[in-house]
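# predicted model and sequence follow; I will ask about them next.
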Amino acid sequence: MKLYRTELESGFKNKQIILSSNSLKLEKVNEKIHCELSSDKGSSGYRVFGAIISKINLLCDRCLVNYDNDLSAKLDVMLTNNEEIINEMSSDVIRFMGSDDFVDITKILRDIILLEEPVKKICSQDCKGLCSSCGLNLNNDQCKCKKIESTQNLKELEKLIN
């Protein structure tokens, strides 16, 4: 997604942009990614900020079922050619030279979306997961496996705890 210097110079507020997940090379994200962006001109460059909203398709870590989850992320980047700001090694700064007509923020948007993917993917708070014996999804059925009694080795370990 390109932002042109002319639109950054004049500034924009709550600009609605719809991107395809294919354009960002995101397989898990649903087809449309909604962005609402604004920009401000400052003494050091331009600040681009806003929200990114979509849905992401995930695989539950407990029951291995695919489910859709809301994805909401914030964007806040500085576009500048000020070497002091760039050398701070901040990931929120993009080099934008005075001779550049536009800046492409596609990679930044992609990275922000990827960082919003949850570490622990659970389809619901009350997900029961899979039976450890037969692999049945316990959210759909109750398994008929017999409970395995503790072996003698485990009883010895229990004695150590007590």
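Cool, the structure landed.
# quick one, phi/psi of the residue lying closest to residue 11 once chain neighbours are set aside?
The shortest distance from residue 11 to any non-neighbouring residue, by CB to CB, 6 or more residues apart in numbering, is to residue 39 (5.4 Å). (Glycine included, C-beta is placed from N, CA and C.) Dihedral pair for residue 39: phi -140, psi 150, per degrees, to the nearest 10.
# ditto for residue 29
Here residue 29 shows phi and psi, under degrees, to the nearest 10, equal to phi -80, psi 140.
# my read: it touches residue 53, true?
No: counting by CB atoms under 8 Å, residue 29 does not reach residue 53; the two are 10.9 Å apart.
# more crowded one of those two?
Taking neighbours as other CB atoms under 10 Å, residue 29 and residue 53 compare with residue 29 leading, 23 against 14.
# bridging across strands, which residues link to the more buried one?
Taking DSSP bridges as the rule, residue 29 bridges to residue 56.
# who are the contact partners of it?
21, 54, 55, 56, 57, 71, 113 (CB atoms under 8 Å, 6 or more residues apart in numbering).
# could you redo the last one with a cut-off of 6 Å?
Contact partners of residue 29, counting by CB atoms under 6 Å, 6 or more residues apart in numbering, are 21, 54, 56.
# where do the helices sit along this structure?
Applying DSSP state H to the chain gives helices spanning 5-10, 83-86, 106-115, 152-161.
# mind putting the ones you listed into CSV with distance to residue 46 and mean neighbour count?
Output for the helices of the chain, formatted as CSV (distance: least, CB to CB, whole Å; neighbours: other CB atoms under 10 Å):
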stretch, distance to residue 46, mean neighbour count
helix 5-10, 5, 13
helix 83-86, 12, 12
helix 106-115, 13, 16
helix 152-161, 61, 8
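# of those helices, which is nearest residue 130?
Closest of the helices of the chain to residue 130 is helix 152-161, at 22.1 Å (criterion: CB to CB).
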